[in-house]
Structure formats: structure tokens, C-alpha cells
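> what follows is a predicted structure for the sequence shown.
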Amino acid sequence: MEALPNLQVLILKSNKFDGNMSLASRSNLPFQKLQVLDISDNEFVGSLPQTYFKNFRAMMDVKENKTDLITSIDYFLRYVEMRITLKGLDQLLKRLLEDFTIIDLSSNKFSGTIPRFIGNLNSLRYLNLSHNNLMGHIPASLGNISVLESLDLSSNKLDGRIPSELTRLCGVPLTRKCNEENGQQMRPKEEDDKDDEYGFIDGFGWRSVVMGYGSGIIVGIGIGCWIIRFGRPRWLVEFFFGVGYTYKKKKKKKKKTRKRATPTQRRS
């Protein structure tokens, strides 16, 4: 298959293929135009095929290889519909082949480390190396793949920390915007102005907080006055002021009534 210079899509998933893919290649530049490689759910062994990663030219700077004019016929012929595994679930994707780049080597028996050369595939959108026997650290070069939409390295034997370079990823489907020129993270001006005005993010500004506290204080004072004046509800009054508070209050009212009635009785 290395002798097929125009091969763009290679799907061999869910078979019983085995062998070592990291052996020396018979071709000088194998799979230069390959954009989709899916050999998941097989029994391949050995290290990951570094020779192929170095020569996947179609997964490097794809935008430079695009033509500005695409006719309706070209669109129909280049429109790809395929089912891939994302986040452990099989999903059907439909998109143009020009920007559809994927490497899925999951559910095999690959061992060794993740080669740093994979970071040179800066136009790669889907990378799945899960369910293998990979070891070592996650290469920081993965942060160079700025258009990466899905990365799955689960169910391996990786160690170390997640590289901080991965935080540079931005753009769809992430909420962080990117600078079109250099791919750096950039927030919209409207969002910055909104954050400065209200002081918080996610819609919880200082005005909303103050209004909430103010309303709560007013309601609390009103309820407190009602309880103290009328002694109701009884269970709440007894909870805060002690058992018998309502009885004592009624007794005091009776004494005041008797004192007022005494002068009148004497006159009579």
C-alpha cells in the first residue's frame, strides 16, 4: 500500500491484523497524501509508526494546499462521510476531505512512547491512541496541533504531568477564540468589556449580587418585625426566643389591661 502515492483514506478497523508497523519502509516517502488512517481494533504490536508520522504531508499545513474555488461537482466528490470513535462512542461525521484529517490507532497492542514528531502534524483534527500499552510522558509538541478537535490517550500506561502546552488549544469546538495569524489565544473585545463592566464572568456581576443581598435583608427585617410584634408563627418564635415566649407576652398584655381598667373602677 505504500506504493499508492494518491491514497488519501485508509480504513482497516475491526479486523484481526497483527504485526509490527515500525519496521523499515520500502518506500522513501510513504503515504504522502494520506489524510485518514484508521486501523483501530486490531492486534498491531511494537512502537508507533514514526516513519509514517514524519511523511504524512497531507496532515501538515492543509490550508496551504487548498484551492480557493470548489465547484459543486468537486464538493460532492470530496465530501466524506465516515464513522469514527470519539470519546468511546461511534459517531458519524460528514465533512470535506480537504480539512478531514484523522489518525486512529486505538484498541491495539502498541507499546513504547508517543513520538514527538506527531506534533508536526499541525493540521490533524482527530487523534486517538487509546487502549494500548503506551508509556512515558505526553509530548509537549501536541500543543502545536492548534486545530485539534479530539484527543484520546486514555487506557494506556502514561505517566507524568499533562503538558501546559496543551492549554494553547483554541477555536471550535472550544470557547476560546484564536488569532487567525499565529493561532494564539484571543478573547473577543465584547467579552472583555462585559467582564470589566460587571466584574465577574458567567453573568454573575456585582450589580446582581448587591440586588440579591439587598432584597434578602429587607425581607428578613420585615419577617423579624412581624414575628416580634404578633408572636407568630408560634413554633418559630419559640425556636428563637425560647419556649413560653408567646405565653409571657400575652400575660404582659393582660397586666397592662388591668392597670388601665383600675382608675375607671374606682370612679364608679
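Done, it's in. Quantities reported herein were computed from a predicted structural model and do not represent experimental measurements.

> outline the domain layout of this structure.
Taking automatic domain parsing as the criterion, the chain consists of the domains 9-169, 206-267.

> if you average pLDDT over each of those, which is lowest?
In terms of mean pLDDT, the lowest-scoring of these is domain 206-267 (a mean of 64).

> separation between the residue lying closest to Asp18 once chain neighbours are set aside and Gly19?
Of all residues not flanking Asp18 in the chain, Glu43 sits nearest, at 4.1 Å (Cβ to Cβ, 6 or more residues apart in numbering). From N, CA and C alone the C-beta is placed, and that goes for glycine too. Glu43 is 8 Å from Gly19, where distance means Cβ to Cβ, to the nearest Å.

> all helices for the chain, in order.
50-55, 72-78, 189-198, 206-230, 234-241, 245-267 (DSSP state H).

> for stretch 108-120, buried residues please.
Asn108, Phe110, Ser111, Ile114, Pro115, Phe117, Ile118, Gly119, Asn120 (16 or more other Cβ atoms under 10 Å).

> give me the subset of those that lies in strands.
Among the buried residues of stretch 108-120, the ones falling in strands (DSSP state E) are Phe110, Ser111.

> Asp104 is in contact with Thr85, correct?
Yes. Taking Cβ atoms under 8 Å as the definition, Thr85 is a contact partner of Asp104 at 6.6 Å.

> now do the shared contacts for those two.
By Cβ atoms under 8 Å, 6 or more residues apart in numbering, Thr85 and Asp104 have these common neighbours: Ser40, Asn128.

> of these two, who's got more company?
For Thr85 versus Asp104, the count of surrounding residues by other Cβ atoms under 10 Å is larger for Asp104: 24 against 21.

> partner residues bridging Cys178?
Counting by DSSP bridges, Cys178 is bridged to Gln185.

> what's the neighbour count on it?
So Cys178, with other Cβ under 10 Å, has 18 neighbours.

> from memory it sits against Ser146, does it?
Yes. Using Cβ under 8 Å, Cys178 is in contact with Ser146, at 6.9 Å.

> tell me who's in contact with the residue nearest to Asp18.
Applying Cβ under 8 Å, 6+ apart, the residues contacting Glu43 are Lys16, Phe17, Asp18, Asn108, Lys109.

> where exactly do the strands run in the stretch 1-150 of the chain?
Remark: strands assigned in the stretch 1-150 of the chain by DSSP state E, counting those that start in this stretch are 9-11, 18-20, 36-38, 43-46, 79-86, 89-96, 102-104, 109-112, 126-128, 133-136, 150-152.

> which of those sits most buried?
Greatest average neighbour count among the strands of the stretch 1-150 of the chain goes to strand 102-104 (a mean of 24), per mean count of other Cβ atoms under 10 Å.

> in its sheet, what does that one sit against?
Partners of strand 102-104 in its sheet, by DSSP bridges: strand 36-38 (parallel), strand 126-128 (parallel).

> and these as TSV, adding distance to Ala3?
Output for the strands paired with strand 102-104, formatted as TSV (distance: least, Cβ to Cβ, whole Å):
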stretch	distance to Ala3
strand 36-38	16
strand 126-128	26
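
> for these, which one sits closest to Arg168?
strand 126-128 (15.6 Å; Cβ to Cβ).

> touching the closest one from outside, list them.
The contact list for strand 126-128 (Cβ under 8 Å, 6+ apart) reads 40, 84-86, 101-106, 118, 142, 145, 148-152.

> quick one: Ile84 and Gln91 touch, right?
Yes. Under the criterion of Cβ under 8 Å, Ile84 makes contact with Gln91 at 6.5 Å.

> now the end-to-end length of stretch 23-31.
Length of stretch 23-31, first residue to last, Cα to Cα, to the nearest Å: 15 Å.

> list the buried residues of it.
In stretch 23-31, counting by 16+ other Cβ under 10 Å, buried: Pro30, Phe31.
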